[in-house]
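Peer 1: The sequence and its predicted three-dimensional model are supplied below.
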Amino acid sequence: MRKITAVLLTVVMAFSLAACGSQDETDAAASTAAQTEAAETTAAEETDAGESAEQTEASQSAGNETADIVIIGGGAAGMSAAIKAAASDVRIILLEKQGFLGGASAMASTGINAGGSDLQMETEVPYTADQFYEYALSWDYGYDRIGYRVVPVREDYAYTFAYNSADAAEWIESLGVELAASSESHSLQLADKSQGGFGSVYVSALLAELEKYDNIDVRTNSPAVEITADENGAVSGVVVSGSDGEYTIDTTAVLIASGGYASADSEFYQTYAPAWDGYYSYGAAGATGDGIVMADSLGAQLLGMDAITCTTATVGEPNQAGALSVADALKGGAVLVNSEGERFVNESAGTADMMEAIKAQTDACAYLIADAATLEETEALQAVQEAGKLSEGATAEELAKALGLDAETLAGTIASVSEGIAAGADEYENETFVSDYAEGPYYGVLVKPARRIATGGIVTNGNAEVLDENDTPITGLYAAGEVTAYGAHPLSAATIFGRQAADSIVAFLGK
């Protein structure tokens, strides 16, 4: 029996502590730390999952292994698919490159989205599957009302998304996750939010359910590096990097559920979305675009690769996960200036407006400025200070020197802010200041938007089949979740299409 439950539940508890609040409030640094700690725990408590009893029994040295289904990725999409398919007479190998399951799904702070579920139909103003379908069809390139980037989806994809959503929501409830609905809304939240973030609660339930099936072989620390195809272009196997080197699993059905690409490296972004190269990452550490690269090599159609949703103001390193969000400071009286030392936006602007304003500045960056009172009121800035990344100056001129900005310009900007606060007429109509900025010390740090989730990716149809450039399904290849061009609502897409992929694969295999 797989020895994964204790380790994985430890991971989920860590995510639960990190996942709360709005999309800009989830602490990616804490999430990334949780992932690192979990990987270390895995190594300490059990030998590499690639050396588990089940894998050893497969006797790789005797030749390639075989499996009915190989699932690449152990987030909500991969686990939902494995659980659904396992009810049929199939052997499943689930590969996860990290040392634990959950991925970005465990980081989700909000709920899922559906139409026509029992809970929604019982509200004062029901929200139907028809409404959800029309909503999905309305997606186009751009931002939604809360600043998420969205992409259009195929009509058959929208149909599955909408009309299978109630079943997915009710299945989640059957796992023991108690949900609550609001009138005339497609959102379903935890009934008891004191349990933690939705993602951590949901992933815990998935892990418990996964343990019930002996025909699911879970292999952590086992990244897929290639999906092979036969002379006709049909899927024939998966090459895996294991602890003893690479090995091949022969299979005719592969589900790519490996997540998005918010934390991909420069080479990936130069290939697929060069305008986003060099940004920080506030997403899951495992969201590195591997599945997209493998699908692309088989001729998969890609869409909306530049559709990135960001956390607006973060401190981090280029193309690396673990950025620290300081977006709360913008709502709590901090000032933003550009590389010229000048203000350029109302610091309390919404996500989309703020992101575009920063991207329009020199080097697509800004400097967050705060005085002592603002620092004292902002935990996010205090975390940056504790990390040793917050510059300080007794005067505006000293801070400018520390940040490499023009001293005269920055001093003038801060003086103008102070005068506007005193007059009750801020130049940018910001009403969030907690002090008058009349005297130092002052603090500052370089900030950039950080890639959080990607909405574009592999194009699939309503059966979760991967399509080539001619809209023809690639035989035996399926995809679900954030690795696809899913439009919006990644956790919902992961669950709905993970389960749909399972049904499609089982039918394809004739089981």
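Peer 2: The structure has been received and is ready for your questions.

Peer 1: remind me, longest strand of the chain?
Peer 2: If you go by DSSP state E, the chain has its longest strand at strand 442-454.

Peer 1: what distance separates the longest helix anywhere in the chain from the centre of its chain?
Peer 2: Criterion DSSP state H: the longest helix present in the chain is helix 490-509. In terms of C-alpha atoms, centre = their mean, to the nearest Å, the centre of helix 490-509 is set 19 Å apart from its chain centre.

Peer 1: and what of stretch 228-247?
Peer 2: Counting by C-alpha atoms, centre = their mean, stretch 228-247 comes out at 27 Å from the chain centroid.

Peer 1: Can you check the pLDDT for residue 248?
Peer 2: Per-residue confidence at residue 248 stands at 97 (pLDDT).

Peer 1: That one looks like it's in a strand, true?
Peer 2: Yes - assessed with DSSP: H, G, I helix; E, B strand; the rest coil, residue 248 lies in a strand.

Peer 1: Hmm, it is touching residue 67, no?
Peer 2: No - the pair residue 248 / residue 67 is not scored as a contact, 10.9 Å apart, by C-beta atoms under 8 Å. Yep, even glycine has a C-beta here, placed from its N, CA and C like the rest.

Peer 1: Comparing the two, which residue is more hemmed in?
Peer 2: Under the neighbour definition other C-beta atoms under 10 Å, residue 248 and residue 67 were set side by side, and residue 67 has more, 22 against 17.

Peer 1: Which strands border the longest strand of the chain, and is each parallel or antiparallel?
Peer 2: Next to strand 442-454 in the sheet, as set by DSSP bridges, lie strand 280-281 (parallel), strand 308-315 (antiparallel), strand 366-371 (antiparallel), strand 391-393 (antiparallel).

Peer 1: Could you give the separation of that strand from the chain centroid?
Peer 2: The gap between where strand 442-454 is centred and where its chain is centred comes out at 17 Å by C-alpha atoms, centre = their mean.

Peer 1: what's the answer for stretch 199-209, then?
Peer 2: Taking the mean of its C-alpha atoms, stretch 199-209 sits 17 Å from the chain's own mean (C-alpha atoms, centre = their mean).

Peer 1: ok so, going back, quick check: next helix or strand after the longest strand of the chain?
Peer 2: strand 457-458 (DSSP states H and E).

Peer 1: which residues touch that next one?
Peer 2: 256, 260-261, 291-292, 295, 300-305, 466, 479, 482-486 (C-beta atoms under 8 Å, 6 or more residues apart in numbering).

Peer 1: Go through the residues you listed and flag which are in strands.
Peer 2: 256, 302, 303, 466, 479.

Peer 1: Phi, psi for residue 183 please.
Peer 2: For residue 183, the backbone dihedrals (degrees, to the nearest 10) come out as phi -60, psi 140.

Peer 1: just checking, it touches residue 119?
Peer 2: No - with contact defined as C-beta under 8 Å, residue 183 does not reach residue 119; the gap is 10.9 Å.

Peer 1: These two: who's more crowded?
Peer 2: More neighbours surround residue 119 than the other of residue 183 and residue 119, with 19 against 11 (other C-beta under 10 Å).

Peer 1: separation between the more buried one and residue 180?
Peer 2: Distance, residue 119 to residue 180, by C-beta to C-beta, to the nearest Å: 7 Å.

Peer 1: Which neighbours do these two have in common?
Peer 2: residue 188.

Peer 1: residues near residue 205, how many?
Peer 2: Neighbourhood size, residue 205 [other C-beta under 10 Å]: 18.

Peer 1: Repeat that for residue 215.
Peer 2: 17.

Peer 1: helices or strands up against the longest helix of the chain?
Peer 2: Applying 3 or more C-beta pairs under 8 Å, 6 or more residues apart in numbering; DSSP states H and E, we find helix 490-509 packed against helix 76-85, strand 112-113, helix 155-163, helix 165-174, helix 198-210, strand 254-256, strand 473-479.

Peer 1: Repeat the analysis, applying 7 Å as the threshold.
Peer 2: helix 76-85, strand 112-113, helix 155-163, helix 165-174, strand 473-479 (3 or more C-beta pairs under 7 Å, 6 or more residues apart in numbering; DSSP states H and E).

Peer 1: Now it: average pLDDT?
Peer 2: Mean pLDDT, helix 490-509: 98.

Peer 1: Only alpha carbons, please: show that helix as PDB.
Peer 2: What follows is helix 490-509, C-alpha atoms only, in PDB (Å, rounded to 0.1, in the frame of the first residue of the first chain):
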ATOM      1  CA  PRO A 490      -8.900  26.700 -13.000                       C
ATOM      2  CA  LEU A 491     -10.000  24.600 -10.000                       C
ATOM      3  CA  SER A 492     -13.400  24.000 -11.600                       C
ATOM      4  CA  ALA A 493     -11.900  23.200 -15.000                       C
ATOM      5  CA  ALA A 494      -9.500  20.800 -13.300                       C
ATOM      6  CA  THR A 495     -12.200  18.900 -11.600                       C
ATOM      7  CA  ILE A 496     -14.800  18.900 -14.400                       C
ATOM      8  CA  PHE A 497     -12.300  18.000 -17.200                       C
ATOM      9  CA  GLY A 498     -10.300  15.600 -15.100                       C
ATOM     10  CA  ARG A 499     -13.500  13.600 -14.600                       C
ATOM     11  CA  GLN A 500     -14.500  14.000 -18.200                       C
ATOM     12  CA  ALA A 501     -11.000  12.800 -19.400                       C
ATOM     13  CA  ALA A 502     -11.400   9.700 -17.300                       C
ATOM     14  CA  ASP A 503     -14.700   8.900 -18.900                       C
ATOM     15  CA  SER A 504     -13.300   9.600 -22.400                       C
ATOM     16  CA  ILE A 505     -10.200   7.400 -21.800                       C
ATOM     17  CA  VAL A 506     -12.200   4.500 -20.400                       C
ATOM     18  CA  ALA A 507     -14.500   4.600 -23.400                       C
ATOM     19  CA  PHE A 508     -11.400   4.900 -25.800                       C
ATOM     20  CA  LEU A 509      -9.900   1.800 -24.100                       C
END
